[in-house]
Every structure is written in C-alpha cells, then in structure tokens.
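> Build me a model:
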Amino acid sequence: MSHLDRLRDVFRAALSLPEGTDVDGLEYRAIPQWDSLAHMALVAAMEDEFAVMIDTDEMIDMSSFAHAARLLEKHGVSAAL
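Numbers count the residues shown, from 1 in each chain. As a prediction, this is how the structure comes out:
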C-alpha cells in the first residue's frame, strides 16, 4: 500500500467517512465531519500511522488533504501527489 493510500485511509478513519470516499480534494471545514476536534484526531492519527511529530504551526497550516501529503513529504514520508 502506498503512503498516499495510507494517508487516505487515515483521513477516512479519523473523519468517520465511508471506505472508498474520495478525500484527495478535501479541505478543512469543507464537510461537517472535519471540524476542529476532528482536526486534532486527524493529526494524531497521522503521527501514529507515519511515526512523525507534527508541530503546532504545521497542524494549524494543514488545511487540506494535499497539504497533509506535502507535510508528510517534508517529514521524510514519500506521499507526493
């Protein structure tokens, strides 16, 4: 499974979205499920899945699936779109 596929699964699980939901274009607060509480859970799930530490500024700036993929790449995880 690719890193992007794993990231998609993390997004679906953290945001309680059905399996197979297209998350590639998803942006923060674009859906009711992605509120501030879910954002914290999503960041924690990403840290667990990819063994990275996301700092506060990065967490605040992470406003979309694409940004999350770039953030992982910055941390050495190959997840480029």
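> so where do the helices sit in this structure?
In the chain, the segments counted as helices under DSSP state H are 3-14, 36-50, 56-61, 65-74.
> Give the buried residues for the first one.
Within helix 3-14, the residues that qualify as buried are His3, Leu4, Arg6, Leu7, Arg8, Val10, Phe11, Arg12, Ala14, counting by 16 or more other Cβ atoms under 10 Å. Any C-beta I mention is one placed from the backbone N, CA and C, and that applies to glycine too.
> What of the longest one?
The neighbour-count check on helix 36-50 (16+ other Cβ under 10 Å) flags Ala38, His39, Leu42, Val43, Ala45, Met46, Glu49, Phe50 as buried.
> How much space separates the nearest residue to Ser16 once chain neighbours are set aside from Lys74?
Among residues not flanking Ser16 along the chain, Gln33 sits closest, at 5.8 Å (Cβ to Cβ, 6 or more residues apart in numbering). Using Cβ to Cβ, to the nearest Å, Gln33 is found at 25 Å from Lys74.
> the more surrounded of these two?
A direct count of neighbours by other Cβ atoms under 10 Å for Gln33 and Lys74 places Gln33 higher, at 16 against 12.
> Good, wrapping up.
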